[in-house]
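In: A structural model of the following input is requested.
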Amino acid sequence: MIHHYFHQYLPKGKEEDSKHITLRHLAMFEDYVDSEHVFENVEGTPGFEMTTLAALQSDLSKYPDDDLILYAHTKGISKEGNERIFGDAWRESMQDIMLRGLQAGVKPGTAWGGFLLEAKHFGHVPNFGKHDFFGGNFWLAKVGFLKTLPKVDLEADRFFAERWIGLTRAKLESPNPNDWPSFAAFYRATKIKI
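Out: Residues are numbered from 1 along each chain as shown. Below is the predicted model of the structure:
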């Protein structure tokens, strides 16, 4: 079974936009998941994505080790102008990577994810300090693997949410390593100058 955990950030003045992004995302994956769990984080509330990851972590004992968790969020919702366009395109790119992996029936040995990357990282998971992670933080992982991760730190910096998936130094995977978009192609496709 696949359990979908989605972090919905609600910036002031963008609540309806965030809800629209969430509903659109859930609709994309509804044929592939067995349960959906949406957690809201209102602007100004501490915890960032860790609030959803902590809830996910507390639910792990409910699931068999071979079940899968799909994790995603409202990437880019808080940005404005070109940064928002870039964030939207990044989110859509990660959704597409995740969806294509599920459509192909790819199951992770530990975890795989979708992320934006530069050509030099083509086919590899970027490294953030000592730990691999999926930049952008959309992933599919076995419950048994997630049970080995340290407790989610609700007071950590916001990037802890991305590092968390790689904190056991497990080999993280990509669902379709020969099919990742290059940063240059992604950049051109979004027609953005940042």
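In: okay, CA-based contacts and neighbour counts for the rest of this
Out: Fine.
In: Centroid-nearest residue for the protein?
Out: Centroid-nearest residue in the chain: F138, 1.7 Å away (criterion: C-alpha atoms, centre = their mean).
In: Residues in a beta bridge with it, which ones?
Out: Here F138 sits in beta bridges with G114, going by DSSP bridges.
In: so it touches A111, yeah?
Out: No: the criterion here is C-alpha atoms under 8 Å, and F138 misses it with A111 at 10.4 Å.
In: Now L26. Nearest residue, chain neighbours left out?
Out: Spatially, and ignoring its direct neighbours in sequence, L26 is nearest to E36 (7.9 Å; C-alpha to C-alpha, 6 or more residues apart in numbering).
In: Mind listing residues that contact stretch 46-53?
Out: The contact list for stretch 46-53 (C-alpha atoms under 8 Å, 6 or more residues apart in numbering) reads 5-7, 39, 41, 152-156, 158, 160-161.
In: try 6 Å
Out: For stretch 46-53, contacts defined as C-alpha atoms under 6 Å, 6 or more residues apart in numbering pick out 7, 39, 154, 161.
In: could you dump that stretch to CSV, C-alpha only?
Out: Output of stretch 46-53 as CSV, limited to C-alpha atoms (Å, rounded to 0.1, in the frame of the first residue of the first chain):
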residue,chain,number,x,y,z
PRO,A,46,6.9,27.2,13.7
GLY,A,47,8.1,23.9,12.3
PHE,A,48,8.0,24.2,8.6
GLU,A,49,7.8,20.8,6.8
MET,A,50,8.9,19.1,10.0
THR,A,51,5.3,19.3,11.3
THR,A,52,4.1,17.0,8.6
LEU,A,53,7.2,14.8,8.8
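In: Show me which parts of it are buried, residue by residue.
Out: Within stretch 46-53, the residues that count as buried by 16 or more other C-alpha atoms under 10 Å are 47-53.
In: Narrow those to those in helices?
Out: 50-53 (DSSP state H).
In: can the residues you listed go into TSV with extra columns for distance to F86 and pLDDT?
Out: Shown next, in TSV, are these (distance: C-alpha to C-alpha, whole Å; pLDDT from 0 to 100):
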residue	distance to F86	pLDDT
M50	23	94
T51	25	95
T52	24	96
L53	25	96
